[in-house]
Every structure is written in structure tokens, then in C-alpha cells.
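Asker: Sharing a sequence plus its predicted fold:
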Amino acid sequence: MRVVFVHGACVRDGAWWWHRTAELLERSGVRSVASALPSCGETGVAPGPAGPGLPEDVAAVRAALADDEPTVVVAHSYGGIVAAEAAAGAGSVAHLLLVSSYLPEIGESLSTFGGEAPAPFLDVDPDGGTFGVVPGLLADTFLQDCDDDVRAQAPARLARQGLQVTQQPVRAAAWQQLPSTYLVCAQDRGTPAERQRAFARKAGAVVEIDAEHHPFLSRPADVRDLVLSL
């Protein structure tokens, strides 16, 4: 078995966000790779109205799934939208693990789940066609359970993301065909637990832990154990 990680919105350097869990999995003999998302500027093309969006993110993850080895896709937050389409029809995927993740139906987009106004922790630039997390709100909104090292290193890994990803609908919903587990993070201040539990009702199995938005950084052993149990 191997693992393909798909990170959330408005960050870059996916391998760093997953590194604590990935290191524990490697000690258990499980290889992993963290997909780079073009819409976050991770492939060298600047985000913006003419830049890459959801289709390019989907293509990047599908490329990581081309290996024939049985694979668990671990998708976080916005990554659940990418994985919903990218994992569909990928013969290597044995299980989807969705961490505080959006779980879209076919035709739904990130904007389907938003309110009339952007969340207070987001900085939206309609003219530039990008959005991002307000750096000063990152730690207390998304990393309140993490140690000082993580909280110090995370801001440098924020990224502007192409605004078009919020409107682009998914064309498949892999969780409808594949075994899936949803990890609810009960102390998440970014995606409230009530919303996560609503998504989780669509998954095949549900696990809930008392963690914030990034349990793979704050509680990596718990995430490793869950992955190994699938």
C-alpha cells in the first residue's frame, strides 16, 4: 500500500504539511507522496484568472494515481474536492480518507458550501483573481493545537490560489463508488464540526477526534494509525 496526500486550499509545499504523518508511515513501511496543486502556484505558473484551476489540480493528482500499487488517497479540506474527481476511475485507489474535507456531489463546487460573504480568515482579491488566508489569523484558526515549531514554520507556506477554483464544479464524485472514511476534527475553527458531520454522513465510515484543522501535524500518530487500519 502507498498513500497519496492532497492538501487543502491556499498553501504550498504539500510535503511539509504532511511530513509528520508521512514520516511515521514510512517507519511502518508505507510510502507516500504529496501532490503539488497548480492552482496554488506549486508548478511554477502564477495563480490568477488565466492561471491553473481545478482541472489542473485534478490532472496533477490523477498523475500521482497512475501507479498500479493499491493506494489510499488522504485528502484535506479543499483537497476533498480535487480528490472527488481525480480518484474517480483510478484503478489504483483502494480507499479515500477525507480529513475535515468537503465532499461534493457531481456539479457542486467550493462556492456551493460558502456563505454570501467570504470567511473572515480569507483575503479575497477579485481584481487579481486570487484568494488566500490572512497570515495573522492562520495560527489561531487552523493550528491552535500545534506546537511552536509548526506555528512558526507554517506562515511561510501560505499561498495565493486562483479564485476560479471556487466556482469550477467537479465532474465526478469518487466517494460514491470507492470505500471512504471521514475524519471529523471536532475542534476545527476553519470548517466547523457540524458541517464536517454533515459531509461525513455520505462516507462509508466516520471517525471523530478532538483536534483542530490539521491533525496530521498536531496528532500525526492518530492519523497514521487510521491510515494503517484502512
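Answerer: Happy to help now that I have it.

Asker: what's next to the longest helix seen in the chain, contact-wise?
Answerer: With secondary structure taken from DSSP state H, the chain has its longest helix at helix 14-27. The contact list for helix 14-27 (C-beta atoms under 8 Å, 6 or more residues apart in numbering) reads 3, 5-7, 11, 31-32, 34-37, 42, 74, 76, 153, 157, 214, 216-217, 220-221, 223-224, 227-228. To be clear about C-beta, it is placed using only N, CA and C from the backbone, and glycine gets the same treatment.

Asker: Weed out the non-buried ones from these.
Answerer: 3, 5-7, 11, 32, 34-37, 42, 74, 76, 214, 216-217, 220, 223-224, 227 (16 or more other C-beta atoms under 10 Å).

Asker: quick one: which of those sit in helices?
Answerer: Using DSSP H, those in helices are 216-217, 220, 223-224, 227.

Asker: picking that back up, can you list which of the buried ones among the contacts of helix 14-27 are found in strands?
Answerer: 3, 5-6, 32, 34, 74, 76 (DSSP state E).

Asker: what's the farthest-apart pair in those?
Answerer: Maximum pairwise distance in those, criterion C-beta to C-beta, is 13.4 Å, between 32 and 76.

Asker: about what we covered before: could you dump the ones in strands among the buried ones among the contacts of helix 14-27 into TSV with pLDDT and distance to residue 201 added?
Answerer: Output for these, formatted as TSV (pLDDT from 0 to 100; distance: C-beta to C-beta, whole Å):
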residue	pLDDT	distance to residue 201
3	98	25
5	98	24
6	98	21
32	97	28
34	97	28
74	98	20
76	98	19
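
Asker: just curious, which of the residues you listed is nearest to residue 99?
Answerer: Of those, the one sitting nearest to residue 99 (C-beta to C-beta) turns out to be residue 76, at 4.6 Å.

Asker: What distance do you get for the closest one to residue 177?
Answerer: 21 Å (C-beta to C-beta, to the nearest Å).
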